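>>> Need a 3D model of the following:
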Amino acid sequence: MSYLEGVEGVEGVEGVEGVEGVEGVEGVGAFARSPVSSLIAHREGIVGYWVTPVNPPAWNSAPLDPADPNSGSMRGPLERWDPRIRRFVFEFELLSSLYFVFEAPQVGGVAQPRATLYSMQQTNGGVSSSTPPTGSWTSFVTMIRPDEPKLLRQLDFLNGYADLRADRAREIVAQMSPQYAFWNSVVPIYPDRHRYTLELIGMVLRLAKYAEMQFKNALCVRRPDEYSPQIQPILQTPPHGSMPSGHSTEAHAVARVLSRLILNATGTTVASRLLLHQQLMRQAARIAINRTVAGLHYPVDSMAGQALGLAVGDYFVARAKGGGMVDFWTFDGTAYPGDQDFTGGEIYDVAQDDRIFPVAGYLAKGNAQFSVDAAPKLKWLWDLAAREWA
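Down below sits the predicted model:
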């Protein structure tokens, strides 16, 4: 997703894509609308005798040096590409170090579907070498499917939350697509001033989407309305699995990354930094809860999404900032109590900026952290985004 996509709902950016509303460039958008035949005739009328170019024009002489695409130079190839094209470079860099595994071991004679996202820990070669990297795959996030009785008990929450539908219907509809307007309500993000921040958010959303869809497909948890005709969602139920909640995963990943990006780049007081962080995390939780209000997700889906979103956010930040240490997490749906709701504070303490480990044991951290390697191209984008908040 480029920084231009999905921001039409933010006040003041309705005309960004075509740039017709920018003073002095009203005709730029007309190029795509010009009839081909008129351009053919126009060229024939003005082109004259053909002159073979000898050198690039001075205004287009910035080097496109394939030997050094990660120098951070504002005149390098990444800067000159359209964000919609750059995203493929960033995606490849992120996904090339991830691997997904599904298994269904027998526990007490019953299959217990579980899935794990792995990260490659390089030991040789890679980014700074001309040889392909070697290394080992390290568990990053494991998720275990809840059993049917727990899911059936969770339906009681959906029935209770249905009372809030009239109050939250407008919110729920507005949050169907990426929630740029909502993040903008907490953090003053302006397309003209924060173009790289918006582009970075787009990359966070894409990484979260890739991760969540793998787990949804592997765990194959039925949607609530497949268990009871009384659920009656107010939106059409998406045709993919229920766990983890995509809205919860993406909202918590964005909140995590935004807080790291902005709070590390500003010199605000401890109290104001905490308030901003708190509001981002509360907003992510409300977006997730609204999907339960709408009749689309169980609370356990939102909890699993929060766990995955925070993990994805930490992974993204570590790779974008030049490498670092990341924790391994397990979310065990079989240990999740059927009568456990989701409010956003069960497994995460905003004040301490750290995970909470519930007594029921459905969230666990590995004994040791593992290192992730730098993503130099993504770091180029991170550094430019951070500069927008300096």
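>>> As a quick check, tell me the outermost residue of the chain.
Ranked by distance from the centre of the chain (CA atoms, centre = their mean), the top residue is Tyr49, with 52.0 Å.
>>> Is that one located within a strand, as I assumed?
No - applying DSSP: H, G, I helix; E, B strand; the rest coil, one finds Tyr49 to be coil, outside a strand.
>>> The spatially most central residue of the chain: what's it in contact with?
Nearest residue to the geometric centre of the chain (CA atoms, centre = their mean): Leu205, 2.1 Å. By CB atoms under 8 Å, 6 or more residues apart in numbering, the contact list for Leu205 reads 1, 178, 250, 253-254. In this view, the C-beta of every residue, glycine as well, is placed from N, C-alpha and C.
>>> And it, how close does it get to Leu198?
11 Å (CB to CB, to the nearest Å).
>>> so what's Asn290 up against?
Neighbouring residues of Asn290 by CB under 8 Å, 6+ apart: 168, 171-172, 175, 247.
>>> does the nearest residue to Gly324 once chain neighbours are set aside count as helix, strand or coil?
Excluding the flanking residues, the one nearest Gly324 by CB to CB, 6 or more residues apart in numbering is Ala318, at 3.8 Å. Counting by three-state DSSP, the backbone at Ala318 sits in helix.
>>> residues contacting Ala318?
Per CB under 8 Å, 6+ apart, neighbours of Ala318: 324-326, 372.
>>> Just among these, which is most surrounded?
Val372 (23 neighbours; other CB atoms under 10 Å).
>>> what's across from that residue in the sheet?
Beta bridges link Val372 to Gly324 when assigned by DSSP bridges.
>>> That one and Gly324 touch, don't they?
Yes - at 6.5 Å, Val372 counts as touching Gly324 under the criterion of CB atoms under 8 Å.
>>> ok so, going back, mind checking pLDDT for the residue nearest to Gly324?
Ala318 carries a pLDDT value of 95.
>>> Roughly how far does it sit from Phe215?
Taken as CB to CB, the span from Ala318 to Phe215 is 20 Å.
>>> repeat for Pro376
In terms of CB to CB, Pro376 sits 28 Å off from Phe215.
>>> got it, and Ile85?
29 Å.
>>> which stretches of the stretch 251-390 of the chain form helices?
270-293, 299-320, 376-387 (DSSP state H, counting those that start in this stretch).
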